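Undergrad: could you work out the structure for the sequence below:
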Amino acid sequence: MRCKMLLPAGLMALAAVGLSGCFDLSQRVAIGRDGSGQYELAITAQGLMGEALKNGDVLQVRHGRVANRTVIENGNVTRTARVEFSSLSELSVPDEAMSIRVIGHEWFGLGPTDAIFTRSFLVQSARRRGERRVSSDPSADDAGMAAAIFGDHTYSFSVTLPGTINWIAPVRIGSAIVKPQVTGNYFGHTVTWRIPLSALFAAQRLRFEVGFSAWGSFGDAQSMPVDNS
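TA: Now for the predicted structure:
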């Protein structure tokens, strides 16, 4: 199953040309004990962008099926697209790379598996694929303009992993560190980072990394690359 995500690059292009900055963007990946899971993209917007979202294809796949859902509440339109995969190695989204790397087994191989989940989001690559090229090194004026356009709108990424969380690497944007929220129990945990949309657009690349331990049959897996040309 090969997946091609039209957004957030498309939304970044819209925002870059000033058509609208009023949207919230979230991405989520969930991994089960057998290595299967789901990838989900959700966009919330109002006005013209909200109207365009109602029946839009925010996530396309070459093989497999995307489940789309639209929720309208208080003038906000949320378009959610979700795709299932039996292994992370089947997933392919532009401007992103995700992997699971097994680093060991506890109790002399009889215990839980220790692994690392890693995701890289090439923010500037997504922007460059828009209709208008923007600087890869935003100036203070660019940052101020982004803050004015995007206001208090946010970007979030969350990963749900089986078992327990051992450690979470810092996510940095410039000199700032984005602190995650962790929820869950023995069966699994979700780690969520929330970032102001203006700060996201100022970033070059974001790297998310989580060490975890879980019983299961999952192994090494790497998402498939996408031709971004």
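Undergrad: what does stretch 212-223 contact?
TA: 31-35, 87-89, 91-93, 96-102, 106, 112-117, 161-166, 188-189 (Cβ atoms under 8 Å, 6 or more residues apart in numbering). Placement of C-beta: from N, CA and C, glycine included.
Undergrad: let's see the PyMOL selection covering just the buried ones among these.
TA: With 16 or more other Cβ atoms under 10 Å as the criterion, this PyMOL line picks the buried residues out of the contacts of stretch 212-223:
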select buried, resi 31+32+33+35+87+88+89+91+92+93+96+97+98+99+100+112+113+114+115+116+117+161+162+163+164+165+188+189
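Undergrad: among the contacts of stretch 212-223, name the ones in helices.
TA: Among the contacts of stretch 212-223, no member falls in helices (DSSP state H).
Undergrad: okay, now the sheet partners of the helix or strand G104 falls within, with direction.
TA: Using DSSP states H and E, G104 sits in strand 96-105. Next to strand 96-105 in the sheet, as set by DSSP bridges, lie strand 113-121 (antiparallel), strand 221-222 (antiparallel).
Undergrad: same list, the ones you listed, but as CSV with mean pLDDT please.
TA: What follows is these, written out as CSV (pLDDT from 0 to 100):
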stretch, mean pLDDT
strand 113-121, 96
strand 221-222, 95
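Undergrad: between those, which gets nearest to G56?
TA: Nearest of those to G56, taken as Cβ to Cβ: strand 113-121 at 21.3 Å.
Undergrad: and the contacts of that closest one?
TA: Contacts of strand 113-121 (Cβ under 8 Å, 6+ apart): 29, 31, 95-106, 157, 159, 161, 166, 205-216, 218.
Undergrad: returning to that earlier point: send me the strand holding G104 as CSV with only the CA atoms.
TA: In CSV, the C-alpha atoms belonging to strand 96-105 read as follows (Å, rounded to 0.1, in the frame of the first residue of the first chain):
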residue,chain,number,x,y,z
GLU,A,96,8.0,12.3,6.3
ALA,A,97,10.0,9.3,7.3
MET,A,98,9.0,6.9,10.1
SER,A,99,10.7,3.8,11.5
ILE,A,100,10.7,1.3,14.3
ARG,A,101,14.1,-0.1,15.3
VAL,A,102,14.4,-3.0,17.7
ILE,A,103,17.4,-2.6,20.0
GLY,A,104,17.1,-5.6,22.2
HIS,A,105,15.0,-8.0,24.2
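Undergrad: surely A202 touches A176?
TA: No. Judged on Cβ atoms under 8 Å, A202 makes no contact with A176 at a distance of 10.0 Å.
Undergrad: any idea how many residues pack against the closest residue to A45 other than its chain neighbours?
TA: Closest residue to A45 apart from its sequence neighbours, by Cβ to Cβ, 6 or more residues apart in numbering: F23 at 3.9 Å. Look at F23: counted by other Cβ atoms under 10 Å, it has 26 neighbours.
Undergrad: and the gap between F23 and R79?
TA: Look at F23 and R79: by Cβ to Cβ, to the nearest Å, they are 10 Å apart.
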